[in-house]
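Chemist: Predicted model and sequence below, questions to follow.
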Amino acid sequence: MGSANIFVLGLDERNLKTLRDVPHAEEYRFHPLLSREELQGGETPVPELLEKAERELEGASGRIDAIIGYWDFPVSTIMPILCRRFGLPSADLEAVVKCEHKYWSRLEQQKVTDAHPRFALLDLDEPVRPPEGLRYPMWIKPVKSYASQLAFRVTDDAQFQAAAEEIREGIGRIGKAFEYILRRLDLPPEIAAAGGGACLVEEALSGAQVTVEGYSQAGNIRIYGVVDSITYPDSSSFLRYQYPSTLPPHILRRLEDVSQRVIAQIGLDNSTFCIEYFCRPEDGTVSLLEINPRHSQSHAELFEQVDGFPNHHCMISLALGRDPRLPQRRGPYKVAAKWFLRRFQDGRVRHRAKDADIDRLRHTIPGVVDVVPVVDAGMRLSESPQTHNSYSYELAHIYVAADDEQELRQKYDRCVAALDFCVETSETPETTEHDE
């Protein structure tokens with residue numbers, strides 16, 4: 001039969017390396033389909049991207065055995081459209097959009113669970129005011145966004161108005177492209193009225209943050225891992241993703257139950273998924289934050305270091321109609337994390353370690369899987385929109401594995417010191433704080 005030709009939307013070097021670590025990788029040939037820059041840079045011209053992707057696929061030599069993708073919008077919605085066009089297995093576009101449209105997702109969730117915050121729709125074309133029945137603190141966010149962009153936590157009317165104004169100015173970047181996808185579906189009246197340019201307002205959640213990863217194949221919904229999402233102190237910005245979760249077994253069972261019910265209700269099948277939650281182990285409370293109709297590529301190395309294979313295996317297997325199950329605890333380490341080195345004030349990068357020094361760091365400390373600077377010397381942090389959310393700026397991603405959490409922290413601290421970042425504000429140069 002020969003190798004399977006797998007076309008990857010937005011294929012990048014780091015994920016290509018991880019894709020080559022999945023079982024049976026010697027049987028796969030990975031081909032890039034559109035570039036990451038095309039898919040994630042500036043305005044998102046979805047019709048043009050679809051046309052170009054179709055031309056690339058039609059011009060490909062050999063069979064097209066699978067089309068896959070691990071990025072958020074527009075990859076998550078382009079993929080099922082292309083798979084249907086070329087007769088390949090994929091999730092249904094409507095189910096994907098039910099996850100992606102934050103308001104539609106909430107309406108579906110509330111049919112099968114009360115494990116979610118109180119919420120309301122906000123029309124930015126009308127005079128904005130906090131929805132009746134919701135209490136501060138609240139989050140206000142577009143019905144479609146990613147990486148927490150244009151998402152604001154507000155505690156009073158003044159902050160609410162300011163956040164709504166900033167969202168109004170920037171919502172078109174994703175909203176207009178999302179409208180194109182919505183027009184391909186027969187929408188319920190309330191979703192058609194909301195469109196892609198409205199906002200969701202919901203009461204803020206509290207507790208430990210986690211992500212449940214799983215897949216659905218032929219109606220069989222399985223959970224294969226839970227990842228802790230740990231934030232910086234007094235911040236909503238992530239410090240690290242850590243696997244496996246340290247939550248108690250009764251909370252993990254509750255998370256599995258809610259996840260299976262909402263995925264079944266939405267009808268997401270033949271797809272991986274990751275669902276973000278807030279949990280309060282002291283009283284057993286579980287609250288669903290959002291559903292993503294894809295696995296998290298940010299967790300790939302974590303699963304590989306702890307379980308033996310990256311979670312990309314599930315995505316590929318579903319696309320090829322194979323068994324997507326992951327092994328458990330067959331990796332070289334007991335715990336792994338992706339750390340986010342951040343700053344909470346804008347500035348210009350005056351210095352960081354040279355690439356050759358960073359390469360040596362990877363080979364010097366066992367368990368340092370990868371160290372990826374996301375800004376370079378001379379760059380102003382706010383000028384790189386892909387590396388910041390509404391509250392912080394990313395400097396580097398650091399992937400570390402260890403035998404326990406103390407060792408994990410020690411390796412991370414050594415990496416931060418070796419990166420040697422110096423960021424200059426208008427007042428004075430500063431190194432970056434990174435401790436919890």
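Modeler: Looks like it arrived, so ask away. Numbering: from 1, shown residues only.

Chemist: distance between stretch 120-136 and the chain's centre?
Modeler: 27 Å (C-alpha atoms, centre = their mean, to the nearest Å).

Chemist: ok so D228 is a strand residue?
Modeler: Yes - the assignment for D228 by DSSP: H, G, I helix; E, B strand; the rest coil puts it in a strand.

Chemist: in the stretch 101-250 of the chain, which segments are predicted with low confidence?
Modeler: 147-148 (pLDDT under 70).

Chemist: All the strands of it, residue numbers only.
Modeler: For the stretch 101-250 of the chain, the strands defined by DSSP state E, counting those that start in this stretch cover 119-122, 138-142, 152-154, 199-203, 208-217, 220-231, 238-243.

Chemist: and of the ones you listed, who's closest to I68?
Modeler: I68 lies closest to strand 208-217 among the strands of the stretch 101-250 of the chain, at 12.8 Å (C-beta to C-beta). Heads up, the C-betas are built off the backbone N, CA and C, glycines and all.

Chemist: chain center to the closest one: distance?
Modeler: The answer for strand 208-217 is 12 Å, by C-alpha atoms, centre = their mean.

Chemist: Paired strands for it, with orientation please.
Modeler: strand 220-231 (antiparallel), strand 271-280 (antiparallel) (DSSP bridges).

Chemist: on that earlier part again, Y399 is nearest to which of the strands of the stretch 101-250 of the chain?
Modeler: Here strand 238-243 is closest among the strands of the stretch 101-250 of the chain (C-beta to C-beta), at 9.7 Å.

Chemist: contact partners of that closest one?
Modeler: When contacts are defined by C-beta atoms under 8 Å, 6 or more residues apart in numbering, strand 238-243 is touched by residues 211, 225-232, 296, 298-299, 302-303, 306, 335-340, 342, 405, 408, 412, 436.

Chemist: Tell me which of the strands of the stretch 101-250 of the chain is the most buried.
Modeler: For the strands of the stretch 101-250 of the chain, the largest average neighbour count (mean count of other C-beta atoms under 10 Å) is found in strand 138-142, namely a mean of 24.

Chemist: I'd like to know which elements it is packed against.
Modeler: strand 152-154, helix 157-170, strand 199-203 (3 or more C-beta pairs under 8 Å, 6 or more residues apart in numbering; DSSP states H and E).

Chemist: Name the residues of the longest one that come out as buried.
Modeler: Within helix 157-170, the residues that count as buried by 16 or more other C-beta atoms under 10 Å are 159-160, 163-164, 167-168.

Chemist: and what of stretch 358-366?
Modeler: Neighbour counts over stretch 358-366 (16+ other C-beta under 10 Å) mark 358, 361 as buried.

Chemist: Quick check: mean pLDDT of it?
Modeler: Mean pLDDT, stretch 358-366: 91.

Chemist: Run the chain-centre distance for it.
Modeler: 27 Å.

Chemist: and what of stretch 149-169?
Modeler: Chain-centre distance of stretch 149-169: 22 Å, with C-alpha atoms, centre = their mean.

Chemist: burial measure for L205, as a count.
Modeler: 19 (other C-beta atoms under 10 Å).

Chemist: N15 is nearest to which of the helices and strands packed on strand 138-142?
Modeler: That would be helix 157-170 among these, by C-beta to C-beta, at 27.6 Å.

Chemist: other SSEs contacting the closest one?
Modeler: Applying 3+ C-beta pairs under 8 Å, 6+ apart, one finds that helix 157-170 contacts strand 138-142, strand 152-154.

Chemist: quick one on the thing from earlier: nearest to R85 among the strands of the stretch 101-250 of the chain would be which one?
Modeler: When those are compared (using C-beta to C-beta), the closest one is strand 208-217, at 21.8 Å.

Chemist: ok, and what's touching that closest one?
Modeler: Here strand 208-217 makes contact (C-beta under 8 Å, 6+ apart) with 221-231, 241, 245, 247, 255-256, 259, 263, 268-281, 289, 295-296, 299, 311, 314, 318, 324.
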